[in-house]
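Student: What would the 3D arrangement of this be:
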Amino acid sequence: MTLSLIILMCSFSFIMSITPGPVNLMIISSGINYGFKKTFMFVSGATIGFTLLLIFVAFGLDKFINKDSYFMNIIEIIGTSFIIYLGYKILSTKSTIEIKNKNNNVLKFYQGFILQWLNPKAWIASISGISIFSISTNTIYLFILIYFIICYLSLSFWALIGAKTTKFLNTNKRLKIFNVLMGSFLIFTAILLFIEKYLMI
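Tutor: Okay, the predicted model is just below:
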């Protein structure tokens, strides 16, 4: 196994993990509203959920996907609905800074886990990554390990950015505006993707 191959694995994993998507948007929002520690459970769920998805794709799930063209359509429809639901949760977050740590809308571990299995971006990253780096079994194992580490670090980075941004949203009014914008943007993005894929001729 060459050093250049490892560098390519790291680059692919980093680009797919750090670029904006539904998971990153929710992590930033959670970091701002609840801090890094409370967001870390969602980060862990998203990372572990994605890693298991990657493992399943690597060891046979991709063959099933290729045979059943409707499978990805179902994932995208359910995923869009789930992203809209989480966008609503962000939008409706109670924006009272003094009691933010007691809010029941804190994103949970299981939500991060489920979201990755319903996230079209995660499926694309898994399928394309495995198709590129499935040179041998050892190569696949290394790719999964590298992706796990980089995904964890990247998502944690977004949570930290969110937590550090809190000082700029230090009033209830600013926090409320931020939550409405983030939640609305997430819902709008999900709906727009659905319209472009299924309703445009």
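
Student: which is the next helix or strand following the helix or strand hosting residue 5?
Tutor: Residue 5 belongs to helix 3-18 when assigned by DSSP states H and E. On the C-terminal side of helix 3-18, the nearest following helix or strand under DSSP H and E is helix 22-56.

Student: relative orientation of that next one and helix 3-18 in degrees?
Tutor: Interaxial angle of helix 22-56 relative to helix 3-18 (axes from the mean of the first three to the mean of the last three Cα atoms, to 10 degrees): 140 degrees.

Student: roughly how far out does helix 22-56 sit from the chain middle?
Tutor: On the basis of Cα atoms, centre = their mean, to the nearest Å, helix 22-56 sits 6 Å off its chain's mean C-alpha point.

Student: buried ones in the helix holding residue 5?
Tutor: For helix 3-18, burial by neighbour count (16 or more other Cβ atoms under 10 Å) applies to 9, 12, 13, 14, 16, 17, 18. C-beta coordinates here come from the backbone N, C-alpha and C atoms, glycine included.

Student: Mind giving me the packing neighbours of that helix?
Tutor: helix 120-133, helix 137-164 (3 or more Cβ pairs under 8 Å, 6 or more residues apart in numbering; DSSP states H and E).

Student: Relative to residue 38, which of those is closest?
Tutor: helix 137-164 (9.3 Å; Cβ to Cβ).

Student: And the closest one, what does it pack against?
Tutor: Against helix 137-164 (3+ Cβ pairs under 8 Å, 6+ apart) you get helix 3-18, helix 22-56, helix 120-133.

Student: okay if I get the helices and strands packed on helix 3-18 as TSV plus mean neighbour count and mean pLDDT?
Tutor: Formatted as TSV, the helices and strands packed on helix 3-18 follow (neighbours: other Cβ atoms under 10 Å; pLDDT from 0 to 100):
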stretch	mean neighbour count	mean pLDDT
helix 120-133	19	80
helix 137-164	18	91
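
Student: Which of the ones you listed sits closest to residue 89?
Tutor: helix 137-164 (15.4 Å).

Student: what angle separates the closest one from helix 3-18?
Tutor: Computed by the same axes, to 10 degrees, the angle between helix 137-164 and helix 3-18 is 40 degrees.

Student: Quick one: distance of helix 137-164 to the chain centre.
Tutor: 11 Å.

Student: got the angle for that helix vs helix 120-133?
Tutor: Going by the same axes, to 10 degrees, helix 137-164 makes 150 degrees with helix 120-133.

Student: With adjacent residues omitted, what lies nearest to the most centrally placed residue in the chain?
Tutor: In the chain, the centroid-proximal residue (Cα atoms, centre = their mean) is residue 23; its distance is 2.7 Å. Using Cβ to Cβ, 6 or more residues apart in numbering and skipping residues adjacent in sequence, the residue nearest residue 23 is residue 46, 5.2 Å away.
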